[in-house]
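**Student:** Starting from these lines, generate the structure:
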Amino acid sequence: MACQETVPVPVYTDVDRERFLRDVYPLRRPAVLRGVSLGPCTDRWTVDYLCEKGGAREVKIHVSSVPQMDFLHKNFLYRSLPFSEFVQRAAEERHSQYFISEDESYYLRSLGEDPRREAADLRKQFPDLAEDFRVPEFFEAESFFSCVFRISSRGLQLWTHYDVMDNLLAQVTGTKRVVLFSPQDAQHLYLTGDKSEVLDIDSPDLQRFPEFARARRLECVLEPGDLLFIPALWFHNTLALEFGVGVNVFWRHLPHGCYDKSDPYGNKDPVLASRALQGLEKALRCLDELPPEYRDFYGRRMVLRIQSRTYTPRPEGANTRLQGSAEQS
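**Tutor:** Presented below is the predicted three-dimensional model:
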């Protein structure tokens, strides 16, 4: 088994703004919200309809010959296709036209007009489709950051990562499995930046990644029309069980000045956190100049100092309460 514990993400039904802000948001834990109206998109967004509305607009896509995409080692290609052709290929099991192989997989994460400066917004990149999607009004309008359009081939799995903003993942069509890990399990996930090096979370190499077995795994399957609330810093890994379309809505829950203004994706660490990490690297370079036994001793002192100043104990029985909430909501 990949992890010692696997618990279901709690499910809430008939959630409006008031209930979300009262019962879900303050917990700062993932939650599936079922029965929230997303607009006519859940009925309209068939392959033919998407092709008609999206048309020949050129989109940049990921093309992968393997089911598990790895952003750290780039085991995929970036290619461009007209949107309608991309949708048709992504919905197919095998392809008569392809870049790598006839069973290759496709993934779209929509981008802003200037991807290096502008965040994605469905209303700007795909205005005709945006008319069908209703953004849940669970946050203040001025906190809105981005609205990301996503389409994936069946069986494609995205790498485990975290974002620094709160996120509502709307599963419009198809089904998707989502596995999540708490920010408090960061030390077990073998991080490089915001991404985990553990690519296969279901059958991990525990000789290479032994600490991964200690991470607590939350899991859910999103059906068409479901929303998943993913709080900032929660790690998530998605697996498309079917060809599907989703929309992520990100918003800033910290004061706007906390975020890196040059970040169009919402995955750069907050400014103060980034400065702290840079300071840590400087401190580690100082320790590198000491003999091993001194480096070990002062490194341990640094760890103890960080723990005493920053760590928040994990609530006792957190997983038990999660399961109870899922059953009662």
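**Student:** Distance of the residue lying closest to Ser96 once chain neighbours are set aside relative to Gly246?
**Tutor:** Nearest non-adjacent residue to Ser96, counting by CB to CB, 6 or more residues apart in numbering: Glu102, 7.6 Å away. For every residue, glycine as well, the C-beta is placed using N, CA and C. Distance, Glu102 to Gly246, using CB to CB, to the nearest Å: 26 Å.
**Student:** Of these two, which one has the most company?
**Tutor:** Gly246 (22 against 11; other CB atoms under 10 Å).
**Student:** With adjacent residues omitted, what lies nearest to that one?
**Tutor:** Arg150 (4.6 Å).
**Student:** Quickly find the element holding the residue nearest to Ser96.
**Tutor:** Assigned by DSSP states H and E, Glu102 belongs to no helix or strand.
**Student:** Run through the residues that contact it.
**Tutor:** Counting by CB atoms under 8 Å, 6 or more residues apart in numbering, Glu102 makes contact with Arg94, His95, Ser96.
**Student:** who wins for most neighbours among the residues you listed?
**Tutor:** Result: His95 is most packed of these (other CB under 10 Å), 17 neighbours.
**Student:** Which secondary structure element of this structure has the lowest mean pLDDT?
**Tutor:** The least trusted helix or strand in the chain, going by mean pLDDT, DSSP states H and E, turns out to be helix 318-328, with a mean of 44.
**Student:** Can you tell me who the residue positioned nearest the centre of the chain pairs with across the strands?
**Tutor:** With distances taken as CA atoms, centre = their mean, His236 lies nearest the centre of the chain, 4.9 Å away. Taking DSSP bridges as the rule, His236 bridges to His161, Leu180.
**Student:** ok, it to Cys220 distance?
**Tutor:** According to CB to CB, His236 stands 10 Å off from Cys220.
**Student:** Residues in contact with both of these two, list them for me.
**Tutor:** Pro30, Val178.
**Student:** returning to that earlier point: and the residue nearest to Gly246, that one's in a helix?
**Tutor:** No. Assessed with DSSP: H, G, I helix; E, B strand; the rest coil, Arg150 is strand; it does not lie in a helix.
**Student:** Now for Thr312: which residues touch it?
**Tutor:** Each residue near Thr312 by CB under 8 Å, 6+ apart is listed here: Gln184.
**Student:** give me phi/psi at it?
**Tutor:** Dihedral pair for Thr312: phi -110, psi 120, per degrees, to the nearest 10.
**Student:** how much space between the residue lying closest to Val15 once chain neighbours are set aside and Asp226?
**Tutor:** Closest residue to Val15 apart from its sequence neighbours, by CB to CB, 6+ apart: Leu33 at 4.7 Å. Separation of Leu33 from Asp226 (CB to CB): 7 Å.
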